[in-house]
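Asks: Sequence first, then the predicted structure:
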Amino acid sequence: MKMEDLTNKVAVITGASSGIGEAAARLLVQEGVRVVLTARRRERLEALAAELGDAAIAIPTDVSDPEQVQALFSQVRERFGGLDLLFNNAGVGYHAPFADSKPEEWQRTIDANLYGVLRCTHAAIPLLKGRPGAMISTVSSVGGRYGIAGWSVYNATKFAVVGFHDALRKELGPEGIRVALIEPGAVWTEWGHNVPAEVMHERRESLDALHPEDVAQALVYSFAQPANVLVEEILVRPVRQISP
Ligand code: NDP
């Protein structure tokens, strides 16, 4: 398979402290990419950065905080002078029938999954300009294509991300910046933390859920295409997951 050389490319990975983001960091470093690991849990990020060595730095950031996001991208500019990949992966979901859901959980979900994507993308665009093969890849979800009872606010944020990307692709495509989406089905991660662990476990087991590496591979595949090739959207789900 023809893949571009990713050596010394620079990537910011949000939500790198666990799950898909952590797997993406490992795989990108294997491909020679220099990664900036961000999330809120400092110890996790620092342990991962220590394991990955010189190719990784940890910059703890809450993507729902505008000042922290500005500080993150200022540091990226100072240290690397630009950016090749923004992987907007940080996200949360709270399960509840909408009638029983809590406004503070809507807020946290929208802040991370939508405002976090908007803020990081806005701050990253100036750094991506003029870099051949530059890319914004955002993790939406099968839940960004189909509504799922019990996940309405999460669905709302992921549908919003899909619409945002469709417009953004048209704005940034002429400048050579690739705007892409990855839409996973069920994955074995910490996601869904307000659902009892045994319920999530049973669901993932019954579906033979994806592993975080499966999603990370979709990212590397799309990023390693030639600069003129946009893999616009990858929906990747467990074969046994026949409904959302
Ligand atoms: P995890 O819960 O393992 O990872 C979520 C990551 O997001 C963590 O690193 C967490 O780090 C980070 N995060 C959450 N809120 C914030 C915030 N406000 N600021 C910064 N970082 C934040 O789950 P996944 O790896 O599964 O999730 C990654 C993405 O995949 C999410 O967008 C999720 O919606 C999506 N997804 C997951 C699916 C699944 O079945 N697992 C299916 C479809 C989509 P920290 O707590 O340290 O801040």
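Replies: Good, I have the coordinates.
Asks: quick one: strands adjacent to the strand of greatest length in the chain?
Replies: The strand that spans the most residues within the chain, counting by DSSP state E, is strand 178-184. Paired strands of strand 178-184, with direction, are strand 135-139 (parallel), strand 233-236 (parallel) (DSSP bridges).
Asks: ok, then the element right after that strand?
Replies: helix 197-207 (DSSP states H and E).
Asks: Give me the buried positions along that following helix.
Replies: 200, 204, 207 (16 or more other CB atoms under 10 Å). Every C-beta, even on glycine, is put in place using the N, C-alpha and C of the backbone.
Asks: One more: stretch 69-87?
Replies: Going by neighbour count (16+ other CB under 10 Å), the buried part of stretch 69-87 is 69, 72-73, 76, 80, 83-87.
Asks: So what touches the helix ranked longest in the chain?
Replies: The single longest helix within the chain, with elements called by DSSP state H, is helix 152-172. Residues outside helix 152-172 that contact it (CB atoms under 8 Å, 6 or more residues apart in numbering): 91, 93-94, 98, 101, 105-106, 109-110, 113-114, 117-118, 121, 125, 136, 138, 140-141, 143-148, 178-181, 230, 232.
Asks: Which of these are buried, as a ChimeraX select command?
Replies: This is the ChimeraX syntax for the buried subset of the contacts of helix 152-172, where burial follows 16+ other CB under 10 Å:
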select :91,93,94,101,105,106,109,110,113,114,117,118,121,125,136,138,140,141,143,144,145,178,179,180,181,230
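Asks: Near the ligand, list only the ones from the contacts of helix 152-172.
Replies: Taking CB under 6 Å from any ligand atom as the test, the ligand is in contact with 91, 93, 141 out of the contacts of helix 152-172.
Asks: Give me the nearest residue to the second one, chain neighbours excluded.
Replies: To tie it back to what came earlier, the one meant is G93. Using CB to CB, 6 or more residues apart in numbering and skipping the chain neighbours, the partner closest in space to G93 is Y154 (4.1 Å).
Asks: From P97, how far out is that neighbour?
Replies: According to CB to CB, to the nearest Å, Y154 and P97 sit 13 Å apart.
Asks: Counting neighbours, go ahead and name the busier of these two.
Replies: Y154 (27 against 10; other CB atoms under 10 Å).
Asks: right, and P132 touches G176 too?
Replies: Yes: when contacts are counted by CB atoms under 8 Å, P132 is listed as touching G176 (7.1 Å).
Asks: Need the overlap of contacts for those two.
Replies: Overlap of the contact sets of P132 and G176 (by CB under 8 Å, 6+ apart) consists of A227.
Asks: still on that earlier bit, can the ones next to the ligand among the contacts of helix 152-172 go into a markdown table with extra columns for pLDDT?
Replies: Output for these, formatted as a markdown table (pLDDT from 0 to 100):
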| residue | pLDDT |
| --- | --- |
| G91 | 98 |
| G93 | 97 |
| S141 | 98 |
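Asks: ok, so of the residues you listed, who is nearest the ligand?
Replies: Nearest to the ligand among these, counting by CB to the nearest ligand atom, is G91 at 2.3 Å.
Asks: and the gap between F87 and R77?
Replies: F87 sits 18 Å away from R77, going by CB to CB.
Asks: And L45, by the same measure?
Replies: From L45 over to R77 (counting by CB to CB), the distance is 20 Å.
Asks: related to what we said a few turns ago, what does the longest strand of the chain rub up against?
Replies: Under CB under 8 Å, 6+ apart, the answer for strand 178-184 is 20, 133-142, 144-145, 161-162, 165, 168-169, 172-173, 210, 215, 218-219, 222, 227, 230-237.
Asks: now the angle from the helix or strand hosting E105 to helix 152-172?
Replies: Using DSSP H and E, E105 maps to helix 103-110. Helix 103-110 runs at 30 degrees relative to helix 152-172, counting by axes from the mean of the first three to the mean of the last three CA atoms, to 10 degrees.
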